[in-house]
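**Student:** here is my input; please provide its structure:
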Amino acid sequence: MALSISIDVDDTLLTEDGQLVPDAVAGLKKLKAAGHAVQLWSAGGAEYAQQKAVKHGIAGFFTSFAGKPDVAIDDLPVMSKPSAIVLVNREHSFMQAVEKTLKLESTVDAAQTVSQQVVEYIRRLQSESDQLRQRHGKIISQDIPLHPVPFFGAIQQARVITVGLNPSSTEFDEAGRWPRQINADDLAKRLLSYFREPTITPHHWFADLQQAMAYLQCPYHLCAAHVDVSPWATYAPTTLLKWDRESGNNEYPLLRSYNSLLEDGLNRWLPETLKLCKETLKLVIVCSSDAPKTIEKARLVALADVIQQAMGNAWSDDQLVVLPKSSVAQWTWKRRRQLAHWLGMTRVFT
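**Tutor:** Take a look at the predicted model:
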């Protein structure tokens, strides 16, 4: 994929004394040879950027010159933001930034492209919606659209995934967030771009997890994803337990239906979702409750086994961590430098 790349002038392409940084020409040649469209921009304006390029004989590498935008007017605000910014400073050279950019090419491509593999997977899930309502109708709100949501974010190039139980019905409560009907192509696109959607913000449940991914320099819209054990939205298990108790039924039919749904997701759909990111995945963070009870503890063990089997023999125990969701941001903050380096995302910002 040909990327649109903007490069700064002062202290990025030119040194403090106005000379080309080492390997400037070699780096620009690499970007041009890779087929990327390279723009030179500067806070000093387009004319300033072009003058500097002409002075140093590098104008031919650039498709355009521009000033850095103070305000962007656009019908799609998300398109005004770069997918990633690669840092250049005294410790990180221009050539290192070029190499990092070239390594990010496939990641940016996958984050913006819907593959047929994902579309077909979504289509297979959609085909089971009627059957699902028949089996688990009492734990599913009749007032929301029943769309399968196996993941949120850039699943195809995810280096990190967070794992939860299943989508909340409140994801679909608010008018305008989701259409009543949606085909597989559009649903796949919606899920992949969930964290880059310009007019609809992610569910508030993701707030601290988004911060955690920012600490790792591995945001959901570029190289991370959230995956649920079951792709189907239901009432919250605490609500189902409350209703079971109020009904006086000691067999807890609603909670049993919920646990059956999760077991089906664990055995059937979660392994399929993991296939989408098997080649890039390096870290799995399973989100538990603050004080897991017996049934949750057993499910967490089963979940670890499913992930291990799906990822294969090369997958190691230290690539999977189980944490209370409330602790994930703190955990990633303490390990941010080490993990960002291991994930290959140092010096990348969004």
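**Student:** helix/strand/coil for Pro292?
**Tutor:** coil (DSSP: H, G, I helix; E, B strand; the rest coil).
**Student:** er, Val322 I mean
**Tutor:** Val322 ends up strand, using three-state DSSP.
**Student:** the one 5 residues further on too?
**Tutor:** In three-state terms, and counting by three-state DSSP, Ser327 is helix.
**Student:** and it, how many neighbours?
**Tutor:** 14 (other Cβ atoms under 10 Å). To be clear about C-beta, it is placed using only N, CA and C from the backbone, and glycine gets the same treatment.
**Student:** just the residues contacting the helix or strand harbouring Glu120, thanks.
**Tutor:** Using DSSP states H and E, Glu120 falls within helix 116-126. Applying Cβ atoms under 8 Å, 6 or more residues apart in numbering, the contact partners of helix 116-126 are 147-148, 150, 155-156, 184-185, 187-188, 191-192, 231, 269, 272-273, 276.
**Student:** in three-state terms, label the closest residue in space to Pro179 that isn't next to it in sequence for me.
**Tutor:** If the residues on either side of it in the chain are set aside, Pro179 comes closest to Pro145, at 6.9 Å by Cβ to Cβ, 6 or more residues apart in numbering. Applying three-state DSSP to Pro145 yields a three-state assignment of coil.
**Student:** relative to Ile155, how far out is Pro145?
**Tutor:** 21 Å (Cβ to Cβ, to the nearest Å).
**Student:** who's more crowded, the two?
**Tutor:** Ile155 (28 against 14).
**Student:** now that one. Nearest residue, chain neighbours left out?
**Tutor:** Per Cβ to Cβ, 6+ apart, closest to Ile155 is Ala225, 4.2 Å.
**Student:** now the strands: where do they sit in the chain?
**Tutor:** For the chain, applying DSSP state E gives strands covering 4-8, 37-42, 64-67, 85-86, 151-153, 160-164, 224-228, 283-288, 320-324, 348-349.
**Student:** let's have those strands in CSV, adding mean neighbour count.
**Tutor:** Converted to CSV, these look like this (neighbours: other Cβ atoms under 10 Å):
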stretch, mean neighbour count
strand 4-8, 18
strand 37-42, 20
strand 64-67, 16
strand 85-86, 18
strand 151-153, 27
strand 160-164, 24
strand 224-228, 28
strand 283-288, 21
strand 320-324, 16
strand 348-349, 18
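**Student:** for Glu171, find the nearest of the ones you listed.
**Tutor:** Nearest to Glu171, of all these, is strand 151-153, at 9.2 Å by Cβ to Cβ.
**Student:** report all helices and strands that that closest one contacts.
**Tutor:** Strand 151-153 sits against helix 184-192, strand 224-228, with contacts defined as 3 or more Cβ pairs under 8 Å, 6 or more residues apart in numbering; DSSP states H and E.
**Student:** reformat those as JSON lines; add distance to Asp290 and mean pLDDT.
**Tutor:** Formatted as JSON lines, the helices and strands packed on strand 151-153 follow (distance: least, Cβ to Cβ, whole Å; pLDDT from 0 to 100):
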{"stretch": "helix 184-192", "distance to Asp290": "28", "mean pLDDT": "96"}
{"stretch": "strand 224-228", "distance to Asp290": "19", "mean pLDDT": "97"}
